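[1] turn this into a structure:
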Amino acid sequence: MHPVIPLCRALRDAGHDVLVAVADSYTGLLEQAGLDAVAAGPDWDHVNADAFIPGWLLQPSRTYMATMAGIAGMGIVEDTLPIAESWQPDVVLHVHHDLAGWIVAERLGVPHVPFAMT
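    Below you'll find the predicted structure:
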């Protein structure tokens, strides 16, 4: 989450409205960073990822995107879509492996920009 915070701040400081949809465990971190955040999808964090999805930390890279697709099907899209429909973003920025952001943008018919945290 930490690489996303400076980018979101820069976008906000440039005059863009920024709203971050994340697992509830991360909303406080984003709010402490001065960003607007809303909870979406199941509540989990990377520290406890193996409890959320057994084997998360040891999975081979070839299965990572399939796992992320499974996470997108756990309510993130269903939670985020009505928020986005109400908020009406011009663009959806999402972490490159976050398929929910991509799906929501496609459903809204707006561009989406993947952000790779490398």
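[2] number of residues surrounding L57?
    When neighbours are defined as other CB atoms under 10 Å, L57 has 9 of them. For the C-beta atoms, the positions are set from N, CA and C on the backbone; glycine is no exception.
[3] and the gap between it and V4?
    Counting by CB to CB, to the nearest Å, the gap from L57 to V4 is 21 Å.
[4] any low-confidence regions in this structure?
    Along the chain, the parts satisfying pLDDT under 70 run over 1, 45-52, 56, 117-118.
[5] one more time with 90, if that's ok
    Segments of the chain classed as low confidence (criterion: pLDDT under 90) are 1-4, 23, 25, 41-76, 94-100, 115-118.
[6] dump the residue contacts of the spatially most central residue of the chain.
    What sits nearest the mean C-alpha location of the chain, by CA atoms, centre = their mean, is V22, with 5.1 Å. Counting by CB atoms under 8 Å, 6 or more residues apart in numbering, V22 touches 1, 30, 37-40.
[7] now, those that are in strands?
    Counting by DSSP state E, the part of those found in strands is 37-39.
[8] top of those residues by neighbour count?
    A37 (20 neighbours).
[9] ok, the residue lying closest to that residue once chain neighbours are set aside to I53 distance?
    Leaving aside its sequence neighbours, A37 sits nearest to L30 (CB to CB, 6 or more residues apart in numbering; 3.8 Å). L30 is 22 Å from I53, where distance means CB to CB.
[10] higher neighbour count, these two?
    For L30 versus I53, neighbours defined as other CB under 10 Å are more numerous around L30 (21 against 16).
[11] quick one: that one and I5 touch, right?
    Yes: assessed by CB atoms under 8 Å, L30 is found in contact with I5 at 7.0 Å.
[12] sorry, back to before: for the residue nearest to A37, what are its contacts?
    Counting by CB under 8 Å, 6+ apart, L30 has contacts 1, 5, 8, 20, 22, 36-37.
[13] try it again with 10 Å
    Residues in contact with L30 (CB atoms under 10 Å, 6 or more residues apart in numbering) are 1, 4-5, 8, 18-22, 36-38.
[14] also D13?
    Here D13 is in contact with G34 (CB under 10 Å, 6+ apart).
[15] perfect, that will be all.
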